[in-house]
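>>> Mind folding the following:
(chains A and B)
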Amino acid sequence: KNQVEQSPQSLIILEGKNCTLQCNYTVSPFSNLRWYKQDTGRGPVSLTIMTFSENTKSNGRYTATLDADTKQSSLHITASQLSDSASYICVVIVNNAGNNRKLIWGLGTSLAVNP
Amino acid sequence: EPEVTQTPSHQVTQMGQEVILRCVPISNHLYFYWYRQILGQKVEFLVSFYNNEISEKSEIFDDQFSVERPDGSNFTLKIRSTKLEDSAMYFCASSLGQGVNTGELFFGEGSRLTVL
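As a prediction, this is how the structure comes out:
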């Protein structure tokens, strides 16, 4: 069964600190993996996309990693800011036969950055 | 920057009433989607729409739901007879294509539906 599991479920950190969010998936056939940021009560916004051949990709203070062998991804946030408080969702895209694409959503990690 | 817009932002309705949620996707995008998110739960896929027809729908998208692109601009989700469990945030999304680079979903801000 295609599944995406994220940890921790929630996290509280102080402003300026770093943190790492984890995503484990059991998805086949894997196409790519995306991290989304979802502010409370708003739509998800894409942070980064990782393809099978990519190990790491940065977008400002966000750095995503992908280990396709262990089927794990992480999102590292550097020098956190209050505006980083949000839910971070890992989404794995499956490409089935006939180019039928499915998105498998994780539950998200709720991050709170406190002053 | 182009964005997906949704209306209304919040709708309260009585059980059994019909609801129409509206979306204006990004103008050059070809694929359109509706998702919903019940409070505290995962984002759930409802339906995808391409070339003026439904390309895929989930088990959630039963006969109570329908989608329409009436005028080449708007993309609507209709719930014919709302149930309490339809209370959720409904997100519209659009994408240019379905490839790795073209398949990025751009989401609207959502329409919160409360069924009493």
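>>> Would you enumerate the residues in contact with the residue in chain B positioned nearest to chain A?
Nearest residue of chain B to chain A (CB to the nearest CB) works out as B:Phe107 at 3.3 Å. In this view, the C-beta of every residue, glycine as well, is placed from N, C-alpha and C. Counting by CB atoms under 8 Å, 6 or more residues apart in numbering or on different chains, B:Phe107 touches A:Gly43, A:Pro44, A:Val45, B:Val4, B:Tyr35, B:Phe91, B:Cys92, B:Ala93.
>>> I'd like the next helix or strand past the worst-scoring helix or strand of chain B on mean pLDDT.
Every helix and strand in chain B was compared by mean pLDDT, DSSP states H and E; the lowest is strand B:53-57, with a mean of 92. Sequence order places strand B:65-68 as the next helix or strand after strand B:53-57, per DSSP states H and E.
>>> Can you tell me which residue sits nearest the middle of chain B?
The centroid of chain B falls nearest to B:Trp34 when counting by CA atoms, centre = their mean (2.8 Å).
>>> shaky segments in chain B?
Counting by pLDDT under 70, not a single residue of chain B qualifies.
>>> What residue, apart from its backbone neighbours, is nearest the residue of chain A at minimum distance from chain B spatially?
Going by CB to the nearest CB, chain B is nearest to A:Gly43 of chain A, at 3.3 Å. Distances taken as CB to CB, 6 or more residues apart in numbering or on different chains place B:Phe107 nearest to A:Gly43, at 3.3 Å, with adjacent residues excluded.
>>> Residues of chain A that sit close to chain B?
Residues of chain A lying near chain B by CB under 8 Å from any CB of the partner chain: A:31-32, A:34, A:41-46, A:49, A:51, A:89, A:93, A:99-103, A:105-108.
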